[in-house]
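[1] Here's my sequence, what's the structure:
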Amino acid sequence: MPANRAVVYEGPGQVAVQDIDYPTYELKDGPGVNKLNVGRKVPHGAILKTVATNICGSDQHMVRGRTTAPEGLVLGHEITGEVVDVGPGVEFIKTGDICSVPFNIACGRCRNCKEGKTGVCLNVNPDRPGSAYGYVDMGGWVGGQAEYVLVPYADWNLLKFPDRDQAIEKALDLAMLADIFPTGYHGCVSAGVTTGSTVYIAGAGPVGLAAATSAWLLGASAVIVGDLNEERLAQARSFGCETVNVAQGDPVEQISRILGNDAAAIGEPLVDAAVDAVGFEARGHGENADVEQPATVLNSLMQMTRAGGAIGIPGLYVTGDPGGVDEAAKVGSLSLRLGLGWAKSHSFVTGQCPVMKYNRNLMMAILHDRVQIAKNVNAVAITLDEAPQGYRDFDQGAAKKYVLDPHGMVRNRAA
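    Down below sits the predicted model:
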């Protein structure tokens, strides 16, 4: 049985690479594991040797101490791996397969899974619907920022790549299928992006850049990305997006100038669709750019989106935020202008992306060179031991998507 090492949350601002147990087909007690899941048998699971596992903005929320994540939690939910063993209940996935792992764990058996709502599976998390690897209040499934990881319900959850050599060659791009590419795409689909749409995307982190990429893939005529970070905005411009720096003022006025539309002055809509890729740690605009205002993004999107339009919200919002700016924010209660959204008949879609709804088609787009997602999000492969520095750099706003490469499979090919 090989050794196993993983990235572990040690407290606010601190992660470290530690030795952990090699996976078995039984869920054991540990930090964050729901007691009802302890001892749960996983004969339907597979053990994967991690090819790539990414650092996500959602991980950063935990590492900053902005959730109720317990110390000792093994992090990581964006996993690509090689199957090295399968449980006795696995029928179709085979040893040697290279697969993408959707970040949301689903059983494939419950009502929600059968309806395609795999982000809110009813059977994998005793706390509430929905689960994920290495994440707070998600049932305690061990995270994937590790050398080896267990994937339950393997026949259902794993997306097998059709050609092993091609999968390794395109590993940086395919690593985005576990979360950010489907999540960004889901945000755009939820917002109704289609041929000719004008689109505003709040946030130029990896999910925002993935959403911008998705908007182009869906046929948008104009894609505008807003952020406070000039380096990230430059990354958005590198693949054709217009940008606004919200630290310089109201994004509504800036978008109006970009689109050549003076309608903002008379309260008319600016864009057809909008995506919130920021979430609950949002900051204000203009002179308030250094002040946390968790409802700012959602309120501005309602202001700028046309009547009858839609807003996709893949950005994370939580029910427990110890660092919230006030008592309401600490339990996820925000001061939203819901009356404005109601008056404009806006549609809102929130929650985990149902990755399995999109990942196969997005895989085909990657394999047939229809999209360069790794380039657009500026994916960079680093070793597992470099993970703590990667977390620090990402927290400082680096315009990169850090891909951990525990076994040298991505770095060797990329070189």
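[2] What is the neighbour count of Met1?
    If you count neighbours by other Cβ atoms under 10 Å, Met1 ends up with 8. All C-beta spots, glycine's among them, are computed from the backbone N, C-alpha and C.
[3] isn't it right next to Tyr22, touching?
    Yes: with contact defined as Cβ atoms under 8 Å, Met1 and Tyr22 form a contacting pair (5.0 Å).
[4] what stretches of the chain score poorly on pLDDT?
    The model of the chain has pLDDT under 70 over residues 261-269, 411-415.
[5] try 80 this time
    Counting by pLDDT under 80, the chain contains low-confidence ranges at 1, 261-269, 411-415.
[6] Buried by neighbour count: which residues of stretch 28-37 qualify?
    Neighbour counts over stretch 28-37 (16 or more other Cβ atoms under 10 Å) mark 32-34, 37 as buried.
[7] can you name the two of those that are farthest apart?
    Taking Cβ to Cβ as the measure, these span a maximum distance of 9.9 Å, between Gly32 and Asn37.
[8] Quickly list what's touching both of the two.
    Common neighbours of Gly32 and Asn37 are listed as Gly140 (criterion: Cβ atoms under 8 Å, 6 or more residues apart in numbering).
[9] Run through the residues that contact Leu218.
    Counting by Cβ under 8 Å, 6+ apart, Leu218 has contacts 185, 188-189, 193-195, 197.
[10] what's the distance between it and Gly203?
    Summarising the geometry, the distance separating Leu218 from Gly203, computed by Cβ to Cβ, to the nearest Å, is 18 Å.
[11] same check, this time on Ala365
    22 Å.
[12] neighbour count winner among the two?
    More neighbours surround Gly203 than the other of Ala365 and Gly203, with 29 against 17 (other Cβ under 10 Å).
[13] The closest residue to that one other than its chain neighbours - how many residues pack around it?
    Take Gly203 and drop its neighbours on the chain: the residue closest to it by Cβ to Cβ, 6 or more residues apart in numbering is Ala277, 3.6 Å away. The burial count assigned to Ala277 is 30, neighbours taken as other Cβ under 10 Å.
[14] isn't Ala277 right up against Gly315?
    Yes: with contact defined as Cβ under 8 Å, Ala277 reaches Gly315; the gap is 5.3 Å.
[15] For those two, list the residues in contact with both.
    Common contacts of Ala277 and Gly315 (Cβ under 8 Å, 6+ apart): 202-203, 207.
[16] Spatially nearest residue to Pro12 (excluding sequence neighbours)?
    Spatial nearest neighbour of Pro12, chain neighbours left out: Gly65 (3.1 Å); criterion: Cβ to Cβ, 6+ apart.
[17] what sits against that neighbour?
    When contacts are counted by Cβ under 8 Å, 6+ apart, Gly65 is found next to 11-13, 322-323.
[18] cool, and Val83?
    Per Cβ under 8 Å, 6+ apart, neighbours of Val83: 46-49, 93-99, 154, 158.
[19] Which single one of those residues is nearest to Ser335?
    Within these, distances to Ser335 taken as Cβ to Cβ reach their minimum at Leu158, with 42.0 Å.
[20] Quick check on the closest one: phi, psi?
    Backbone geometry at Leu158, expressed as degrees, to the nearest 10, gives phi -80, psi 130.
[21] contacting residues around it?
    The contact partners of Leu158, by Cβ under 8 Å, 6+ apart, come to 46, 83, 93, 97, 99-101, 151.
[22] now do Cys99
    Contacts for Cys99 were tallied using Cβ under 8 Å, 6+ apart; they are 48, 80-83, 93, 158-161.
[23] What of Ala178?
    Neighbouring residues of Ala178 by Cβ under 8 Å, 6+ apart: 54, 77-80, 100-103, 355.
[24] Identify the residue nearest Ile55 in space, chain neighbours excluded?
    Tyr402 (4.3 Å).
[25] The one you found contacts Thr53, correct?
    No: shown here, Tyr402 and Thr53 do not form a contact pair, counting by Cβ under 8 Å, at 9.9 Å.
[26] okay, those two: which has more neighbours?
    Here Tyr402 and Thr53 are set side by side on neighbour count (other Cβ under 10 Å), and the busier one is Thr53, at 34 against 23.
[27] quick revisit: out of the shared contacts of Ala277 and Gly315, who's nearest Gln372?
    Each of the shared contacts of Ala277 and Gly315 was scored against Gln372 by Cβ to Cβ, and Val207 proved nearest at 16.8 Å.
[28] how close does the nearest residue to that closest one once chain neighbours are set aside get to Phe181?
    The spatial neighbour of Val207 that comes closest, neighbours along the chain excluded (Cβ to Cβ, 6+ apart), is Ala277 at 4.5 Å. Applying Cβ to Cβ, the value for Ala277 to Phe181 is 12 Å.
[29] Next: Glu147.
    Noted for Glu147: a distance of 24 Å to Phe181, by Cβ to Cβ.
[30] Between those two, which is the more surrounded one?
    For Glu147 versus Phe181, the count of surrounding residues by other Cβ under 10 Å is larger for Phe181: 35 against 22.
[31] Which elements pack onto the helix or strand that contains Leu298?
    In this structure, Leu298 is located in helix 296-304 according to DSSP states H and E. Here helix 296-304 touches strand 198-202, helix 251-259, strand 271-276, strand 305-312, helix 338-343, going by 3 or more Cβ pairs under 8 Å, 6 or more residues apart in numbering; DSSP states H and E.
[32] hmm, 6 Å instead?
    Contacts defined by 3 or more Cβ pairs under 6 Å, 6 or more residues apart in numbering; DSSP states H and E place helix 296-304 against helix 251-259, strand 271-276.
[33] which residues touch it?
    Surrounding helix 296-304, the residues in contact under the criterion Cβ atoms under 6 Å, 6 or more residues apart in numbering are 202, 251-252, 270-271, 274, 276, 278, 282, 284, 311, 336-337, 340-341.
[34] Just the buried residues from those residues, in PyMOL please.
    Applying 16+ other Cβ under 10 Å to these leaves a buried subset, and the PyMOL line that selects it is:
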select buried, resi 202+251+252+270+271+274+276+278+282+284+311+341
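[35] The contacts of Val83 in helices, which ones?
    Secondary structure assignment by DSSP state H places Ala154 of those in helices.
[36] Buried among the contacts of Val83? Need that as a selection in PyMOL.
    Applying 16+ other Cβ under 10 Å to those leaves a buried subset, and the PyMOL line that selects it is:
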select buried, resi 46+47+48+49+93+97+98+99+154+158
